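*Asks:* Give the three-dimensional model of this entry:
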Amino acid sequence: MSKLFSTTTVGPLALQNHLVMSPMTRGRAIGNIPNELMAHYYGQRAASVGLVITEGTSPSPNGVGYARIPGIFSPEQVEGWKLVTKAVHAQGAKIFVQLMHLRPHRSPAQSPEGRSRTRPRGGRSRGRNVDGCGADEATAGAASHEHSRSRAHQG
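*Replies:* From the prediction side, this is the model:
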């Protein structure tokens, strides 16, 4: 048996082999809640790997960048991830959640009701969203907005 398929440890975790499934966003979390379809998907792939790294998962409502990515900030989402984790563990694999916060890069259409598209003070972000909205436009309030726009256009 090759080393690739032999058991190993990563820190305190015993893994069934050296294979890791890298993150792949599937867009299946309706309402940003992990579900049975996701549990089935992750469970299928866990049968052949030692460790699964989840798709990008938002740690807060303000971090959701686009439709149908899972979150882990509500009780319903935690319950959904329990389904996924159970399916992965049933195949003998371990699972890590990849936290992904997209606040300054998301489309305004994806901003939760009543939430601003702010980023950390002094944060700098460049680029374009899929809908063409500039990431430099994601600021808190008019004063911060003007400050960030002038900084973004300087360099």
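*Asks:* would residue 52 count as being in a strand?
*Replies:* Yes - counting by DSSP: H, G, I helix; E, B strand; the rest coil, residue 52 is part of a strand.
*Asks:* The chain should start at 106 in everything you say after this.
*Replies:* Done: numbering now begins at 106, and the last item shifts to residue 157.
*Asks:* Double-check it against residue 126; I have them as touching.
*Replies:* Yes - at 4.7 Å, residue 157 counts as touching residue 126 under the criterion of CB atoms under 8 Å. C-beta here means a position set from N, CA and C on the backbone, and glycine is covered the same way.
*Asks:* Nearest spatial neighbour of residue 118, chain-adjacent residues omitted?
*Replies:* The shortest distance from residue 118 to any residue other than its chain neighbours is 5.4 Å, reached at residue 199 (CB to CB, 6 or more residues apart in numbering).
*Asks:* what about that neighbour, neighbour count?
*Replies:* 19 (other CB atoms under 10 Å).
*Asks:* Can you show me the helices along the chain?
*Replies:* Assigned helices in the chain, in chain order: 141-151, 180-195, 246-259 (criterion: DSSP state H).
*Asks:* picking that back up, enumerate every residue touching the residue nearest to residue 118.
*Replies:* By CB atoms under 8 Å, 6 or more residues apart in numbering, residue 199 lies in contact with 118, 120, 155-157, 193.
*Asks:* Quick one: buried ones out of these?
*Replies:* If you count burial by 16 or more other CB atoms under 10 Å, the buried members of the contacts of residue 199 come out as 120, 155-157, 193.
*Asks:* can you list the contacts of residue 199 in CSV and add distance to residue 108 and pLDDT?
*Replies:* CSV is the format used below for the contacts of residue 199 (distance: CB to CB, whole Å; pLDDT from 0 to 100):
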residue, distance to residue 108, pLDDT
118, 17, 93
120, 12, 97
155, 12, 97
156, 16, 97
157, 20, 97
193, 23, 98
